[in-house]
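Q: using only what follows, build the 3D model:
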Amino acid sequence: MSISIADSPAALYSLTFVVGACVGSFLNVLAIRSLAEKNVFWPPSSCPDCDKRLGPFELIPIASYFLIGGKCKHCKQKISWQYPVVELFTALWFMVVIWRFGLTPEGFGMLYFSSVLIAVTVTDFREKLIPHEITYPSILLGIMFSGLVRNDLLGTMAGIGGSYILFDFIAFYGLVLYPYLHPESKEKPEEEEGDDEIDAVFEVGPAKEEEEFEVMGGGDAVLAALVSAWLGWERLIVAVMLGFILGALLGGVYLTREMKKAGIFRHCLKWGLIWFGVAAVVGTAMFSVLAQVSSQSIWEVQWGVSIAIFAIASGVFAYIWTGKRVSKPFPFGPALAMAAGVSMFIMPHSIFPAERM
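A: Predicted structure coming up:
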């Protein structure tokens, strides 16, 4: 029997916020120590610079960061914005999950699943790694959750298998095509320093020189399997498609930053706009012919939308292609994790088939 949120919504949401903030604090520790291959529970938290153990006053989620001025009280080194951001986001996200699912088995399952997504987002942003120590146990729990709560074990297992096949396909053919799209990648890259600007919240860690280039990492395939384990194959499809869109947007923003640093942003933008204009003219002519063949007017909505998509896609492609020499690998995991979070709330009856009438 579930407890209705309407019984005491203010108290419930307040408690959820506090619990979420505490979980967010733990997720910071989990992410950072997993990357460092350290024990998650011991020793107690300490300053990453001077290694001084933190006191109770410094361990209050969200508030302690502002109470101590964003600096360690011992060595006075700045503390990363990552800590309060993750804690606040987790607290707010927990409230949204409880608002949607309530205090039910589904709700508690989605709270755990959300926590895993947040943790791997942090690790992938920081070091372009998704630790198996986090994902593999969570996949097993997700399979049990789908079998006992969602009653869709077969669909879940099919989605897990399909996710590995899909991402292995992308990884293989991506490696085949990449040298043709980036011939300069065959040359040994010069060592570059990290981007200090991204340090404001997260740092997209530099690729290690000794590691081989990967179009799609194995961690992304495992993350897709994790999504299927908890949400099923239907929501996995939505999450993957939405993830590619979000990944393109995030990658575009990151590429723009690199273009500005290299001083070629205006040049790339100019060619993007030129190709947008050319594609708009060519697209109008091409779709006008198709409209006539279909006995339709070019002024109908679907043709206007088709012309716009063709022109925008051409402009974006030219923009990216012109700036490809400064492009750097951007992790796909955060985009897929964000998309999975959104997928939890899309068509909820497809996520939990047992609720269907």
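Q: which element follows the longest helix along the chain toward the C-terminus?
A: Criterion DSSP state H: the longest helix present in the chain is helix 218-262. Later in the chain than helix 218-262, the nearest helix or strand by DSSP states H and E is helix 265-293.
Q: show me what the longest helix of the chain is packed against.
A: helix 105-127, helix 132-145, helix 153-181, helix 265-293, helix 301-322, helix 333-343, helix 348-351 (3 or more CB pairs under 8 Å, 6 or more residues apart in numbering; DSSP states H and E). (C-beta placed from N, C-alpha, C; glycine too.)
Q: swap the cut-off to 6 Å and go again
A: Judged by 3 or more CB pairs under 6 Å, 6 or more residues apart in numbering; DSSP states H and E, helix 218-262 is in contact with helix 132-145, helix 153-181, helix 333-343, helix 348-351.
Q: from V240, how far off is I165?
A: I165 sits 12 Å away from V240, going by CB to CB, to the nearest Å.
Q: out of the two, which sits in the more crowded spot?
A: V240 (21 against 10; other CB atoms under 10 Å).
Q: neighbours of the residue nearest to the more buried one when sequence neighbours are not counted, how many?
A: Closest residue to V240 apart from its sequence neighbours, by CB to CB, 6 or more residues apart in numbering: A224 at 6.5 Å. Neighbourhood size, A224 [other CB under 10 Å]: 26.
Q: tell me if I'm right that A224 and S163 touch.
A: Yes: here A224 reaches S163: they are 3.7 Å apart, a contact under CB atoms under 6 Å.
Q: verify the contact between F332 and I245 for me.
A: No: checked against CB under 6 Å, the pair F332 and I245 is beyond contact range at 11.7 Å.
Q: between these two, point out the one with more neighbours.
A: Counted by other CB under 10 Å, F332 and I245 do not tie: F332 has more neighbours, with 26 against 11.
Q: list the contacts for that one?
A: Shown in contact with F332 (CB atoms under 6 Å, 6 or more residues apart in numbering): 220, 247.
Q: now do 10 Å
A: If a contact means CB atoms under 10 Å, 6 or more residues apart in numbering, then F332 has 124, 128, 130, 167, 170, 215-217, 219-220, 223-224, 243-244, 246-247, 250-251 as its contacts.
Q: measure it to F167 for me?
A: F332 is 9 Å from F167, by CB to CB.
Q: who touches stretch 299-319?
A: Contacts for stretch 299-319 (CB under 10 Å, 6+ apart): 248, 252, 255-256, 259, 265, 268-288, 290-291, 294, 296-298.
Q: that older thread, anything in contact with each of A224 and S163?
A: Common neighbours of A224 and S163 (CB under 10 Å, 6+ apart) are 236, 239-240.
Q: mean pLDDT lowest for which of the helices and strands packed on helix 218-262?
A: Out of the helices and strands packed on helix 218-262, helix 348-351 stands lowest, with a mean of 48 (criterion: mean pLDDT).
Q: what bits of the stretch 251-357 of the chain have low per-residue confidence?
A: Scanning the stretch 251-357 of the chain for pLDDT under 70 picks out 328-329, 347-357.
Q: hmm, F125 and P334 touching each other?
A: Yes: with contacts counted by CB atoms under 10 Å, P334 reaches F125, the gap being 5.7 Å.
Q: return stretch 103-112 as PDB; C-alpha atoms alone will do.
A: Taking C-alpha atoms only, stretch 103-112 is exported to PDB below (Å, rounded to 0.1, in the frame of the first residue of the first chain):
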ATOM      1  CA  LEU A 103       6.200   6.500  -2.200                       C
ATOM      2  CA  THR A 104       5.700   3.300  -4.200                       C
ATOM      3  CA  PRO A 105       8.100   0.500  -5.300                       C
ATOM      4  CA  GLU A 106       8.300   2.200  -8.600                       C
ATOM      5  CA  GLY A 107       9.200   5.500  -6.900                       C
ATOM      6  CA  PHE A 108      12.000   4.000  -4.800                       C
ATOM      7  CA  GLY A 109      13.300   2.200  -7.900                       C
ATOM      8  CA  MET A 110      13.400   5.400  -9.900                       C
ATOM      9  CA  LEU A 111      15.200   7.200  -7.000                       C
ATOM     10  CA  TYR A 112      17.900   4.600  -7.100                       C
END
